[in-house]
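Participant: the sequence isn't on hand, but the structure is:
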């Protein structure tokens, strides 16, 4: 569990969770347990997705993937235990009202109608890539900012705005990722449209959402450098 | 997920959960969501334990095991989603106070210091069988009756008594199971001692715990018939 969590990664999901909490007037301190839980969930999904029966990846976060290092059985169990630990952290760190809402949102986002369902559609080579990306990637982005808002005691309208921000951001993130992997054609227009949409719903937060805006801009930055690289190589 | 849950099984864990709720003066109706969640957890653990990298079992509950029927990747995901669904059910069906306590108890019982940890020790061929059985089996029995008690709004002393009942019952259950499988020598004395201990803590509940007593007696009944069979074959 430690081996897979601590080489790190971009930590995008916990970062947007904390930024969302701050946009709603909450503190980083209150958001950190939820941010940690989200990173545990993300790490569990990476461990299981890397398994030989799934994507069969030998490396992850710059080191051997969990099953390469510790065997498949331990990798399955490490993922199971990280998934469980995320719920344990929420239950131990939040008041019953806030924690219960987080458990409800998180379980809905990552179960059979969310991340796990999206991965199942993906391995079944389902044709609706948009649905796969929404379930497999965007829902975890969405629930990250929603949990940040919940940690800040945000209003329903703030939660709703962040929900839409997270969903658009997640779809853009996956589109950019696929482009960089060469798995799909670079749809710069589509990604830019999603990012514009994500930034648009942030207006109600004023300057407190500057962090979230900056992250949204950062998501599509790799596309610009990709284009730049292409131009240079065309010269 | 449906395929693995609905061929059934003995349903021991949900049954003791409901009996525990009734012993505490609660209703079956209030206990059923928690009982369902526990059975989802148990089914997830069976699916993952049956995987080729773990115990490699082709059959479960009288039908092909999940990975034999749907492939390893889908079996991993079905287990993940059942684990998640258990927490979702609790969050959707109980008040924040009760639900949060259930999430805390359940996550602690099945994570790295509980069921998943026990399975990791088991596949590592750890020598301390008692610890393996406590983590891998008894903790789920324990949390079943604790969740039943929580659904009934039980007092701390009732919860404590049921905790000890569940732990002893789970240890006896595993001892009997190992005996029947021929994996360990029949320690009838040890199993009978555990069952006596389990029944002893039920005194505070009076006749409302008759169901739990009967279940405790039922756990070691197979040993008696095993002994009978041996005697007959000795003649």
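Facilitator: Right, received. Where do you want to start? All values reported here derive from a predicted model rather than from experimental measurement.

Participant: burial measure for residue A:179, as a count.
Facilitator: 20 (other C-beta atoms under 10 Å in any protein chain shown). To be clear about C-beta, it is placed using only N, CA and C from the backbone, and glycine gets the same treatment.

Participant: wouldn't it be in contact with residue A:223 here?
Facilitator: Yes. Contact criterion C-beta atoms under 8 Å: residue A:179 and residue A:223 qualify, at 6.5 Å.

Participant: what distance separates stretch A:32-44 from the centre of its chain?
Facilitator: Relative to its parent chain, stretch A:32-44 has a centroid offset of 10 Å by C-alpha atoms, centre = their mean, to the nearest Å.

Participant: quick check: phi and psi at residue A:63.
Facilitator: With angles defined as degrees, to the nearest 10, residue A:63 sits at phi -130, psi 170.

Participant: contacting residues for it?
Facilitator: By C-beta atoms under 8 Å, 6 or more residues apart in numbering or on different chains, the contact list for residue A:63 reads A:3, A:7, A:69.

Participant: which one of these is nearest chain B?
Facilitator: residue A:3 (12.8 Å; C-beta to the nearest C-beta).

Participant: and the closest one, how far from residue A:81?
Facilitator: 12 Å (C-beta to C-beta, to the nearest Å).

Participant: so the two - more neighbours on which side?
Facilitator: Of the pair residue A:3 and residue A:81, residue A:81 is the one with more neighbours under other C-beta under 10 Å, namely 25 against 17.

Participant: elements contacting the helix or strand containing that one?
Facilitator: Of the helices and strands defined by DSSP states H and E, residue A:81 is found in helix A:72-93. Secondary-structure packing of helix A:72-93 (3 or more C-beta pairs under 8 Å, 6 or more residues apart in numbering or on different chains; DSSP states H and E): helix A:2-5, helix A:28-49, helix A:66-70, helix A:96-110, helix B:28-49, helix B:72-93, helix B:96-110, helix B:115-123.

Participant: just the buried residues of it, please?
Facilitator: Buried residues in helix A:72-93, counting neighbours by 16 or more other C-beta atoms under 10 Å in any protein chain shown, are found at A:72-91, A:93.

Participant: before we move on, what about stretch A:14-30?
Facilitator: Neighbour-count burial for stretch A:14-30 [16+ other C-beta under 10 Å]: A:14-24, A:26, A:30.

Participant: ok, so of those, who is nearest chain B?
Facilitator: residue A:30 (16.6 Å).

Participant: tally of neighbours for the nearest residue to that closest one once chain neighbours are set aside?
Facilitator: Excluding the flanking residues, the one nearest residue A:30 by C-beta to C-beta, 6 or more residues apart in numbering or on different chains is residue A:151, at 4.8 Å. Look at residue A:151: counted by other C-beta under 10 Å, it has 29 neighbours.

Participant: could you do residue A:138 as well?
Facilitator: 26.
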